[in-house]
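S.K.: Okay, here's the prediction I keep looking at, along with the sequence it came from:
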Amino acid sequence: MTTTAWQVVRFALVGAVNTGTYYGLYLLFGLRLPYLAAHVLAFLLSMVGSFFLTSYFTYRTRPTWRKFLLFPLTNAANFVITTVGVYVLVDLAGLSARYAPLIAAAGAVPVTFLLSRTIMLRPDTTRTHESLVETVASK
């Protein structure tokens, strides 16, 4: 199996854990909050855990502040897709607010993988610059 294929498998596993975390929080918050508020809060909290699992397990890279700050950008597409999906499924299609997030999340997976891979595997500019300086200095 190629490196990318293994990343897809690990991404799917992290996604399953993250979805379970998100869904548990969504149901918990849904006991007291409207469904969209429960969705937003659960999404934000599960995103932090997702960042560390994605760093260490999916891409086997060191988490940095730069990646942490960029990681929410990768989830912006996920957030938009799932939020619109939840709204469409609940308010327009009449599906239960209990199951709509799971269906909406499936549509966001491919986009989230490509964006997270781009950010998490992007070389650190500082480290790249240091390597360039070392290479020039050794000649």
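M.R.: Received it, and whenever you're ready, just let me know what you need. From a predicted model like this one, the values you see are computed outputs, not experimental measurements.
S.K.: Not counting residues beside it along the chain, what's closest to Val17?
M.R.: Here the nearest residue to Val17 in space, its sequence neighbours aside, is Leu53; by C-beta to C-beta, 6 or more residues apart in numbering that works out to 6.5 Å. Any C-beta I mention is one placed from the backbone N, CA and C, and that applies to glycine too.
S.K.: roughly how far apart are the one you found and Val88?
M.R.: As for Leu53, its distance to Val88 is 28 Å (criterion: C-beta to C-beta, to the nearest Å).
S.K.: where do the helices sit along the protein?
M.R.: 3-29, 35-53, 65-87, 100-120, 125-138 (DSSP state H).
S.K.: As CSV, those with mean neighbour count and distance to Ala93 would be great.
M.R.: Below are the helices of the chain laid out as CSV (neighbours: other C-beta atoms under 10 Å; distance: least, C-beta to C-beta, whole Å):
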stretch, mean neighbour count, distance to Ala93
helix 3-29, 16, 18
helix 35-53, 18, 14
helix 65-87, 17, 10
helix 100-120, 18, 8
helix 125-138, 10, 45
